[in-house]
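Q: Generate a structure from the sequence data that follows.
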Amino acid sequence: MLQSVVFAADEDKWDEYIGQAAAATSVDRDFIKAIIKQESAFRDDIGNGTTLSSAGAIGAMQVMPATGADLGYSVEDLKDPKTNIMAGAEYLKWLSGLSYIDGDPLLMAAAYNAGPGAVQQYGGVPPYSETVPYVQKVAQNYAGYSGNTINTDSVPAPTIEGGSPGISIDLAYPTVLADISDAIDVFEAYTNTSVSMMQKFFKGLLVFLMMLLAGVQILFFWKEGVSQDDEEVFAGTFIFSMRALLLMSFLFIFITAL
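A: Residues are numbered from 1 along each chain as shown. This next block holds a predicted model:
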C-alpha cells in the first residue's frame with residue numbers, strides 16, 4: 001500500500017473506470033473508490049505503475065502481480081489504471097464470495113490488505129497493526145463517498161505487528177490451512193510468481209516426461225526385441241519403467257488436486 005500527504009490528487013479522474021468496474025463486478029463503486037484512496041491516494045505516478053510498493057504491488061488498487069496473473073492480467077496490463085481498477089474490483093468480488101467473508105465490507109477490506117487466509121484464521125479482521133487502521137480508514141472513505149456508514153465496532157484493537165497487501169505475518173511454520181494459504185500469498189508476493197501458473201507448468205512437464213518414458217520404453221523393445229536369453233533383463237527394465245511411470249502419474253494427480 002502506498003500513500004502520501006504531499007501529493008494532492010483529483011479523486012474524480014478515474015470515476016468512469018470505477019463505474020465500469022462496479023457494473024461488471026457488482027461491487028459497490030464507492031467501496032472500490034474507498035479502497036483506491038487508501039491504496040494509492042489517486043496518485044498518477046502510482047496509477048500508471050511508475051511507482052511501486054516495496055512488495056511490488058502495482059497501480060491504483062495496488063494489485064499484486066501474482067493476483068493479477070490469477071485473474072488473467074499481465075504486469076503491463078496492471079500499469080493501465082482502467083485495467084488495474086477492473087482487476088482490483090474482480091479481486092474484491094472474489095473475496096466477497098468467500099464463505100467466511102460473505103460480502104462483509106470490513107472483512108473484504110481486511111482481506112484485501114492482509115490476505116484472505118488471515119481473515120479466515122482470526123475469524124474476522126486480523127489484529128495487525130497495519131490492517132486495523134487500514135480497515136477503519138476504508139470505512140471512513142466509504143462514508144465520505146456514499147454517505148453511508150459502516151459499523152466498525154467489531155474491529156479489534158491492533159495487538160500484532162504487521163499486515164500488508166496480500167501478506168500476513170507469523171507464517172514461518174504454517175500449521176493450519178489458513179497459514180498455508182497466507183504462506184502461498186507471501187511466496188507469490190516476494191517472487192512475483194503465480195502458484196497456479198507453476199502448477200500448470202509442472203503438470204505439463206510431468207505429462208511430457210510420462211510420454212517420453214513410455215515412448216523410449218516402446219522404442220527399446222521394438223528395436224531390441226525380446227529373446228529368451230534377455231527375458232530377465234527386459235522384465236527388470238519393464239518393471240522399473242512402469243514403477244517410474246506410476247510414480248509420475250501419482251505426482252500428476254497430486255499437483256492437479258492442489
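
Q: From now on I want contacts and neighbour counts done on CA atoms only, so please keep to that.
A: Will do.

Q: Rounded mean pLDDT for whichever strand or helix holds Leu209, please.
A: Using DSSP states H and E, Leu209 sits in helix 195-224. Across helix 195-224, pLDDT averages out at 68.

Q: Likewise for stretch 42-62?
A: 87.

Q: can you check stretch 137-152 too?
A: For stretch 137-152, mean pLDDT rounds to 96.

Q: Tell me the buried residues in it?
A: Of all the residues in stretch 137-152, those buried under the rule 16 or more other CA atoms under 10 Å are 137-143.

Q: and if you look at stretch 14-25?
A: For stretch 14-25, burial by neighbour count (16+ other CA under 10 Å) applies to 14, 17-22, 25.

Q: Pick the one among those residues closest to Lys37.
A: Trp14 (11.2 Å; CA to CA).

Q: With distance to Thr152 and secondary structure added, can I get the buried residues of stretch 137-152 in JSON lines?
A: Conversion of these to JSON lines gives the following (distance: CA to CA, whole Å; DSSP: H, G, I helix; E, B strand; the rest coil):
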{"residue": "Lys137", "distance to Thr152": "10", "secondary structure": "helix"}
{"residue": "Val138", "distance to Thr152": "10", "secondary structure": "helix"}
{"residue": "Ala139", "distance to Thr152": "8", "secondary structure": "helix"}
{"residue": "Gln140", "distance to Thr152": "10", "secondary structure": "helix"}
{"residue": "Asn141", "distance to Thr152": "13", "secondary structure": "helix"}
{"residue": "Tyr142", "distance to Thr152": "12", "secondary structure": "helix"}
{"residue": "Ala143", "distance to Thr152": "12", "secondary structure": "helix"}
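
Q: and which of the residues you listed is nearest Thr159?
A: The nearest member of the buried residues of stretch 137-152 to Thr159, counting by CA to CA, is Lys137 at 17.7 Å.

Q: so the closest one makes contact with Gln38?
A: Yes: taking contacts as CA atoms under 8 Å, Lys137 lies within contact range of Gln38: 7.2 Å.

Q: Just the buried positions in stretch 45-62, please.
A: Applying 16+ other CA under 10 Å to stretch 45-62 flags 46-49, 51-53, 55-62 as buried.

Q: And for stretch 79-93?
A: Buried positions in stretch 79-93, judged by neighbour count with 16+ other CA under 10 Å: 79-93.

Q: ditto for stretch 153-160
A: 155, 158.

Q: Quote the end-to-end distance of that stretch.
A: 19 Å (CA to CA, to the nearest Å).

Q: And the contacts of it?
A: 125-130, 132, 136 (CA atoms under 8 Å, 6 or more residues apart in numbering).

Q: can you rerun that using 6 Å?
A: Contacts to stretch 153-160, defined as CA atoms under 6 Å, 6 or more residues apart in numbering, come from residues 127-129.

Q: Between those, which sits nearest Leu212?
A: Nearest to Leu212 out of these is Tyr128 (CA to CA; 50.1 Å).

Q: Tell me how far the nearest residue to the closest one once chain neighbours are set aside lies from Pro126.
A: Counting by CA to CA, 6 or more residues apart in numbering, Tyr128 lies nearest to Ile160, which is 4.8 Å off, once chain neighbours are set aside. Computed as CA to CA, the Ile160 to Pro126 distance reads 9 Å.

Q: what's the answer for Lys37, then?
A: Applying CA to CA to Lys37 and Pro126 gives a distance of 21 Å.

Q: neighbour-wise, which of these two wins?
A: The neighbour count for Lys37 versus Pro126, taken as other CA atoms under 10 Å, is higher for Pro126 (29 against 22).

Q: Next one: the more buried one from Gly49, what distance?
A: Note on Pro126: its distance to Gly49, by CA to CA, is 29 Å.

Q: Dihedrals phi and psi, the nearest residue to Ser26 once chain neighbours are set aside?
A: Take Ser26 and drop its neighbours on the chain: the residue closest to it by CA to CA, 6+ apart is Lys93, 7.6 Å away. Per-residue torsions, Lys93: phi -60, psi -40 (degrees, to the nearest 10).

Q: Okay then, goodbye and thanks.
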